[in-house]
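Undergrad: here you go, sequence then predicted model.
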Amino acid sequence: MNSDSAGSAPSTDTSAPAPLGLLAGKTALITGAGRGIGAAAARLFAREGARVLLAARTERQLKAVAEEIGAAGGEAAYVVCDLADAASVRSAVRRAVELYGRLDVAFNNGGTFVPPGPMDRVEEGDFDHVYAVNLKGPWLAMAAEVAAIRATAGTGAIVNNSSVGSFRANPELPAYAAMKRGLNSLTESAAVTYGPEGIRVNAIAPGHTATEMIRDWEAHSPGLSERLTTHTPLGRAAAPEEIAQAAAWLLSDRASYVTGTILRVDGGARV
């Protein structure tokens, strides 16, 4: 569908010079940025021209990634943040504005893992923890990020990190999958709510990815990686940077007409 109704739209003038990078001139907040997909995203976003604020619980990891980015000529800072702590989440978003004067984009990547097993064997404490980090944490972050984008940049974009496990039954990780499915719903609702302001909200749904979480899961379920690879048409696990590339595109102006999407980045996996 197209429309000639009034309203501004991004320029399609291809004669204009290309930007220096996919995220040139933007300030980006990344949660879970100390390792895995989050660290890969931090390095990539900085290479693509963004000033990045890294947030996670482990300062040692954050410091190492930020120093690596700085040594490569990028601009990065970090803040210790616990997604299960509302004050900590809001403080991290405020820190981005304090450091850089604005917030343009955010990648809510941080999450946690609970031991695999059937639903009746999930410990109540584990269920509460995965809810606090994987669903309530992104909700808190999105609310603070929308307010910061609105007050500074005016328009912007948010990407949440979901999972292909959110689309179907997941008997090995029932609580994890439930929170990711809830995150999909929050993403879609936020896209409808904030789209009129020019704030886009999307999510990515990674499949089998070579991260610490998969290694932890494999320790509980020997043969997991082989099983996941068998059900992946591309025949391999994703590298964390491949997932980060999808997030970078959704956050960039090149995805200016994409919102409310849960983008599968799964090598074609369907089971």
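TA: The structure has been received and is ready for your questions.
Undergrad: next up, phi/psi of Ala246, please.
TA: As for Ala246, its main-chain torsions (degrees, to the nearest 10) stand at phi -70, psi -40.
Undergrad: can you pull out the helices in the stretch 101-250 of the chain?
TA: Here the stretch 101-250 of the chain has its helices, by DSSP state H, counting those that start in this stretch, at 124-131, 137-151, 174-194, 212-220, 224-230, 240-251.
Undergrad: nearest to Val52, of those?
TA: For the helices of the stretch 101-250 of the chain, the distance to Val52 is smallest for helix 240-251, at 11.2 Å, taking Cβ to Cβ. In short, each C-beta sits where N, CA and C put it, glycine included.
Undergrad: returning to that earlier point: nearest to Thr58, of the helices of the stretch 101-250 of the chain?
TA: The closest of the helices of the stretch 101-250 of the chain to Thr58 is helix 212-220. By Cβ to Cβ, the value is 11.6 Å.
Undergrad: angle of the closest one against helix 174-194?
TA: Computed by axes from the mean of the first three to the mean of the last three Cα atoms, to 10 degrees, the angle separating helix 212-220 from helix 174-194 equals 160 degrees.
Undergrad: in CSV: the helices of the stretch 101-250 of the chain, plus distance to Asp266.
TA: Shown next, in CSV, are the helices of the stretch 101-250 of the chain (distance: least, Cβ to Cβ, whole Å):
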stretch, distance to Asp266
helix 124-131, 21
helix 137-151, 20
helix 174-194, 13
helix 212-220, 13
helix 224-230, 10
helix 240-251, 10
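Undergrad: closest one to Val114 among these?
TA: Smallest distance to Val114 across the helices of the stretch 101-250 of the chain (Cβ to Cβ): 4.2 Å, for helix 124-131.
Undergrad: what packs against that closest one?
TA: Using 3 or more Cβ pairs under 8 Å, 6 or more residues apart in numbering; DSSP states H and E as the contact test, the elements touching helix 124-131 are helix 174-194.
Undergrad: report the buried residues of the helix it packs on.
TA: By neighbour count, with 16 or more other Cβ atoms under 10 Å as the criterion, the buried positions of helix 174-194 are 174-184, 186-188, 190-191, 194.
Undergrad: go on, stretch 64-76?
TA: The neighbour-count check on stretch 64-76 (16+ other Cβ under 10 Å) flags Val65, Ala66, Ile69, Gly74, Glu75, Ala76 as buried.
Undergrad: mind saving the C-alpha coords of it as PDB?
TA: These are the backbone C-alpha positions of stretch 64-76, laid out as PDB (Å, rounded to 0.1, in the frame of the first residue of the first chain):
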ATOM      1  CA  ALA A  64      37.700  -4.600  28.000                       C
ATOM      2  CA  VAL A  65      35.200  -4.100  25.200                       C
ATOM      3  CA  ALA A  66      35.200  -0.400  25.600                       C
ATOM      4  CA  GLU A  67      39.000  -0.200  25.500                       C
ATOM      5  CA  GLU A  68      39.100  -2.400  22.400                       C
ATOM      6  CA  ILE A  69      36.700  -0.100  20.700                       C
ATOM      7  CA  GLY A  70      38.700   3.000  21.700                       C
ATOM      8  CA  ALA A  71      42.000   1.400  20.500                       C
ATOM      9  CA  ALA A  72      40.300   0.800  17.100                       C
ATOM     10  CA  GLY A  73      39.400   4.500  16.900                       C
ATOM     11  CA  GLY A  74      35.800   4.300  18.000                       C
ATOM     12  CA  GLU A  75      34.000   6.100  20.900                       C
ATOM     13  CA  ALA A  76      32.700   4.000  23.700                       C
END
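Undergrad: what does it contact?
TA: Applying Cβ atoms under 8 Å, 6 or more residues apart in numbering, the external contacts of stretch 64-76 come out as 33-34, 39, 42-43, 46-47, 51-54, 77-78.
Undergrad: mind checking which helix or strand of the chain has the lowest mean pLDDT?
TA: Scoring the helices and strands of the chain by mean pLDDT, DSSP states H and E places helix 212-220 at the bottom, with a mean of 73.
Undergrad: helices or strands up against it?
TA: Applying 3+ Cβ pairs under 8 Å, 6+ apart, one finds that helix 212-220 contacts helix 224-230.
Undergrad: having no further points to raise, I will conclude here.
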